[in-house]
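1. give me the fold of what follows.
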Amino acid sequence: MRTKQEVIDAVLATIEDHREQILALGEYFWKNPEPGYREFKTSAKAKEVLSGLGLPLRDHLSITGMRADLDTGRKGPVLALLGEMDSLILPSHPECDPETGAIHSCGHHSHITALLGAAIALVESGAAADLSGKIAFIPVPAEECIEVAERRAMLERGEIKAIGGKASMIREGVFDDVGIALMNHLSTGLSYTCALHNGFVIKAVTFRGKSCHAAWPSGGINALNICTLAQNALALLRETFTDPSIRVHGIVNSGGDSVNIIPDSVTMEYLLRASSMEKIKELSMLFDRAMHGAAAALGGTAEVTTTPGYAVMNDHQGLWKVFEDAVRILHPEANFHSTGAVMSSTDMGDVSQIVPSIHSAVPGAQGTSHGKDYKVKDPEQAYLDNARILALTAVELLYGDASRGNEIAASREGLLTIPEYISMMDSLA
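-> Got it, this is the predicted structure:
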């Protein structure tokens, strides 16, 4: 059996040997962005790489997801390494797909690149001979909560099991045997960080009125006016939101069809975010009351559909310490921050409800996240370092008898069973 340092050296040398392949993967994914549940080219490329490593693979999980396992043959925890595949849609980005407007302005192309790079490193270095347990490489679809109406229709058709890809894969059984999970998210910052992320629910609202000629509005009930009143009700509620984690934001999908007809149907979509599931439930109740109250005030009706979004992301501090140790192998002077909170959300939060997990931010991008100036600043950091960190964290957890991994997998205080998690999320609807 090799020493841990010898395994580390072999893993890093393998990444260096495959440097051009990994960089090319990053460039390929950047140039072929695909929104969630439509990552067909991305998924095909990921399958090509993982199958080429000789790993047994299950695909077509939540449409484009897959799982490939590296089994050491020795007892130990199942470590899930995740890589997101989906893009955003931002037609104003100068490098977006000209037909779809898709663009990786959140850096997910680097996430799947890093996952595949880590798989190459761990398999080709022969690391499994010196580890215990199993590593599950899981390319995941649809982290970005976009195209909500279509995803709701996909849920109704039974094509997916949740709005987010990881949440859907949990319900498919992909994580049933997983004991630890981690992924890295590309960041525009300089430090290595993790933080609590909000959970959220999705609201779809249809206001119903009565159409009539716009020159004689007294003959109708203006659904757009109901919408305006409802949005003002939300604005006036904001002063009662004393919790700084709360975020309420949305769009009007349709506001009428003809300027000379009083609209009889107007639709909105909103996300309601907060830092605990209890706060989300309270916020959901306040939102519904405002919608129905505005409709009643003007003589119309409101139909409100609530769809569970993502759970709150709680990073496991013991696992974070292992991540720090892995990064310090590469960058002894790196800066780390593992406290605090951000207002955004991730379906890695759903995974963090059922197993010890971290969602780490790593440097390598520049510009505005989700903005038209977003791009990779340093491919070395975004692709290669990202892969090195994932692979080295796996070594730290599973080397020898996987003592560190076993300890973390056993530390389940505050975590839910998968049925308990599903019940919690379903209670939001």
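2. what pairs with whichever strand or helix holds Thr307, parallel or antiparallel?
-> For Thr307, the element it lies in under DSSP states H and E is strand 301-308. Sheet pairing of strand 301-308 (DSSP bridges) gives strand 199-208 (antiparallel).
3. run through who's touching the worst-scoring helix or strand of the chain on mean pLDDT.
-> Ranked by mean pLDDT, DSSP states H and E, the weakest helix or strand in the chain is strand 341-342, scoring a mean of 90. The set of residues external to strand 341-342 that reach it, using CB atoms under 8 Å, 6 or more residues apart in numbering, is 195-198, 245, 275. (Glycine included, C-beta is placed from N, CA and C.)
4. so of those, which ones are in strands?
-> Among these, the residues falling in strands (DSSP state E) are 196-197.
5. which one of the contacts of strand 341-342 is nearest Glu156?
-> Compare each of these with Glu156 using CB to CB and the shortest gap goes to Asn198, at 26.2 Å.
6. for the stretch 251-400 of the chain, what spans make up the strands?
-> Listed in chain order, the strands found in the stretch 251-400 of the chain under DSSP state E, counting those that start in this stretch are 265-274, 301-308, 336-337, 341-342, 357-363, 365-366, 375-376.
7. returning to what we had before: just put the contacts of strand 341-342 in a markdown table and tack on neighbour count, distance to Asp177 and pLDDT.
-> What follows is those, written out as a markdown table (neighbours: other CB atoms under 10 Å; distance: CB to CB, whole Å; pLDDT from 0 to 100):
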| residue | neighbour count | distance to Asp177 | pLDDT |
| --- | --- | --- | --- |
| Ala195 | 17 | 28 | 91 |
| Leu196 | 20 | 27 | 92 |
| His197 | 26 | 25 | 96 |
| Asn198 | 27 | 29 | 97 |
| Ser245 | 19 | 33 | 95 |
| Ser275 | 21 | 30 | 96 |
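8. from the contacts of strand 341-342, which is closest to Ile329?
-> Here the nearest of the contacts of strand 341-342 to Ile329, counting by CB to CB, is Ala195; it sits at 23.1 Å.
9. and the most centrally placed residue in the chain, its phi and psi?
-> The centroid of the chain falls nearest to Glu143 when counting by CA atoms, centre = their mean (3.4 Å). The phi and psi torsions at Glu143 (degrees, to the nearest 10) take the values phi -80, psi -40.
10. same deal with the one 10 residues further on?
-> The phi/psi pair for Ala153 (degrees, to the nearest 10) reads phi -70, psi -40.
11. separation between it and Leu272?
-> Taken as CB to CB, to the nearest Å, the spacing of Ala153 relative to Leu272 amounts to 21 Å.
12. who's more crowded, these two?
-> With other CB atoms under 10 Å as the criterion, Ala153 and Leu272 differ in neighbour count, and Leu272 comes out ahead with 27 against 11.
13. tell me the contacts of the more buried one?
-> For Leu272, the contacting residues are 200-201, 203, 246-248, 280, 283-284, 287, by CB under 8 Å, 6+ apart.
14. and for Ile408?
-> 77, 180, 316, 318-319, 322, 356, 397.
15. does it lie in a helix or a strand, and which?
-> Ile408 is part of helix 403-410, with elements assigned from DSSP H and E.
16. output that helix as PDB, nothing but the C-alphas.
-> Coordinates of each C-alpha in helix 403-410 appear next as PDB, following Å, rounded to 0.1, in the frame of the first residue of the first chain:
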ATOM      1  CA  SER A 403     -11.300   6.700   9.000                       C
ATOM      2  CA  ARG A 404     -12.000  10.400   8.300                       C
ATOM      3  CA  GLY A 405     -14.800   9.500   5.900                       C
ATOM      4  CA  ASN A 406     -16.400   7.000   8.300                       C
ATOM      5  CA  GLU A 407     -16.300   9.600  11.100                       C
ATOM      6  CA  ILE A 408     -18.000  12.200   9.000                       C
ATOM      7  CA  ALA A 409     -20.600   9.800   7.500                       C
ATOM      8  CA  ALA A 410     -21.500   8.800  11.000                       C
END
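17. would you agree Met348 is in contact with Val312?
-> No. Using CB atoms under 8 Å, Met348 and Val312 do not qualify as a contacting pair, with a distance of 10.6 Å.
18. shared neighbours of those two, which are they?
-> Listed contacts common to Met348 and Val312 are His197; contacts here mean CB under 8 Å, 6+ apart.
19. who has more neighbours, the two?
-> The neighbour comparison of Met348 against Val312 (other CB under 10 Å) goes to Met348, with 27 against 24.
20. show me where this protein has helices.
-> If you assign secondary structure with DSSP state H, the helices in the chain sit at 4-17, 19-31, 40-52, 108-124, 148-157, 165-171, 223-237, 277-297, 317-330, 348-352, 379, 386-398, 403-410, 418-426.
21. any idea how far Ala302 is from Asp17?
-> Spatial separation of Ala302 from Asp17 under the definition CB to CB is 60 Å.
22. who has more neighbours out of those two?
-> The neighbour count for Ala302 versus Asp17, taken as other CB under 10 Å, is higher for Ala302 (22 against 13).
23. my read: that one touches Val205, true?
-> Yes. Counting by CB under 8 Å, Ala302 sits close enough to Val205 to count as a contact (6.1 Å).
24. can you list residues touching both of those two?
-> Shared between the contact lists of Ala302 and Val205 (criterion: CB under 8 Å, 6+ apart) are residues 230, 291.
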